[in-house]
Every structure is written in C-alpha cells, then in structure tokens.
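A.B. asks: The sequence and its predicted three-dimensional model are supplied below.
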Amino acid sequence: MVKVRIQLMSESGGDTNPFRVAKSVYAEGGIKPFYRGLDSALLRQVVYGTMRLGLFYNFTDYFK
C-alpha cells in the first residue's frame, strides 16, 4: 500500500517520504489498510502456481 501511494504521490507532486506515507495510511484505519488487496494477490498466486505446476508435470510426462 505504501509503495502504491508513493508512486501516485510522485506523479501528482505530493509527499514521497515512505515514513510519512505509512503514518498517513495508519491514521486512516490502523493496521488494516496495509493489507488491502492482499486477498486478491494471494488468490492470483494460488491459481497461477497450481496451474503452472499442473502444466509442468503434464508437459514433462508428455515429452518423456
């Protein structure tokens, strides 16, 4: 969350100090805003990881 805010602030000319950005995120709602979007990122990794491993074993068996 902090990285995204810093990227957005740098485009608009805002404050890019990571400690101040983290402090403002924490002021919004405690620790919870830092984990916003984590569920979708984990779901994407689960889907892509299992698909990649499944395809790898299918292809290795096929080419043997």
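C.D. replies: That came through fine.

A.B. asks: Please count neighbours and contacts with C-alpha atoms only from this point.
C.D. replies: Fine.

A.B. asks: Going by residue numbers, what spans are helices in this structure?
C.D. replies: 2-12, 18-29, 38-63 (DSSP state H).

A.B. asks: could you dump the ones you listed to TSV with mean neighbour count and mean pLDDT?
C.D. replies: Formatted as TSV, the helices of the chain follow (neighbours: other Cα atoms under 10 Å; pLDDT from 0 to 100):
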stretch	mean neighbour count	mean pLDDT
helix 2-12	13	88
helix 18-29	13	91
helix 38-63	11	89
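
A.B. asks: Next up, the contacts around N17.
C.D. replies: Applying Cα atoms under 8 Å, 6 or more residues apart in numbering, we find N17 in contact with I6.

A.B. asks: switch the cut-off to 10 Å
C.D. replies: Taking Cα atoms under 10 Å, 6 or more residues apart in numbering, we find N17 in contact with 2, 6, 9.

A.B. asks: I figured the first one hits P18, correct?
C.D. replies: To tie it back to what came earlier, the one meant is V2. Yes - using Cα atoms under 10 Å, V2 is in contact with P18, at 6.7 Å.
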